[in-house]
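*Asks:* sharing a model prediction with you, sequence too.
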Amino acid sequence: MTRRFGDRGTFAVEIGDVLSPDLRTVDVWAAGTQLTKDDNAAYVPSLRWAMRSTAAQVRRRDLPACPYPGRSPEAVFQLLEQDGTEFRERFWFLPWGETLDTVSRYAYLDGDLVLVFSFWRPTRPVPDDPGAIVVATLAPDEFATTVLAAADLLDAESVR
């Protein structure tokens, strides 16, 4: 049975089947797009830690401000992708392991939390537009609450 936290239209985490004592299906959605198309088998011990760390970072507002004020999130994404320096690394987001390794992902604060994603390699099934930039904007506390609720379920249902 899959449990959904959040809203697929903005940001959601879905916790699904137990695959082994340490593996679980986990799907991540942003702006109506499933980001975990290739691999949704997550290693639970490290994912729980990463989820809690990410939620705490967002709750503290420990994220950089928009790097290119006045530009659209899509333009910001493209400028960050083109930047070959360490500057763009400040905006890398959701270090949640291999389940999200088919998407480039950045985040910044611009009043709300702005999440921008794009698939960087073909996925199965292939999205309608593999180069499309997915933008989700939501309140930082809403994001943190969603992620912590999913992490709490993983803790409560831990088979270890």
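*Replies:* Yep, it's here.

*Asks:* make it CA atoms for all contacts and neighbour counts henceforth
*Replies:* Fine.

*Asks:* show me how far stretch 97-117 is from its chain's centre.
*Replies:* 5 Å (CA atoms, centre = their mean, to the nearest Å).

*Asks:* all helices of the protein, in order?
*Replies:* 44-59, 73-82, 140-156 (DSSP state H).

*Asks:* stretch 63-78 spans what distance, first to last residue?
*Replies:* Length of stretch 63-78, first residue to last, CA to CA, to the nearest Å: 19 Å.

*Asks:* list the buried residues for that stretch?
*Replies:* L63, A65, C66, P67, P73, E74, V76, F77 (16 or more other CA atoms under 10 Å).

*Asks:* residues in contact with the closest residue to the first one other than its chain neighbours?
*Replies:* Using CA to CA, 6 or more residues apart in numbering and skipping the chain neighbours, the partner closest in space to L63 is Y108 (5.8 Å). Residues counted as contacts of Y108 (CA atoms under 8 Å, 6 or more residues apart in numbering) are L63, P64, A65, C66, P67, F91, V114, L115.

*Asks:* circling back: so which of the helices of the chain comes closest to T10?
*Replies:* Closest of the helices of the chain to T10 is helix 140-156, at 9.2 Å (criterion: CA to CA).

*Asks:* contacts only, for the spatially closest residue to A56 that is not a sequence neighbour.
*Replies:* Nearest non-adjacent residue to A56, counting by CA to CA, 6+ apart: A144, 7.1 Å away. Counting by CA under 8 Å, 6+ apart, A144 touches T54, A55, A56, V58, R59.

*Asks:* and if you look at A107?
*Replies:* L63, F91, W92, F93, L113, V114, L115, V116.

*Asks:* M51 too?
*Replies:* W96, V147, L148, A151.
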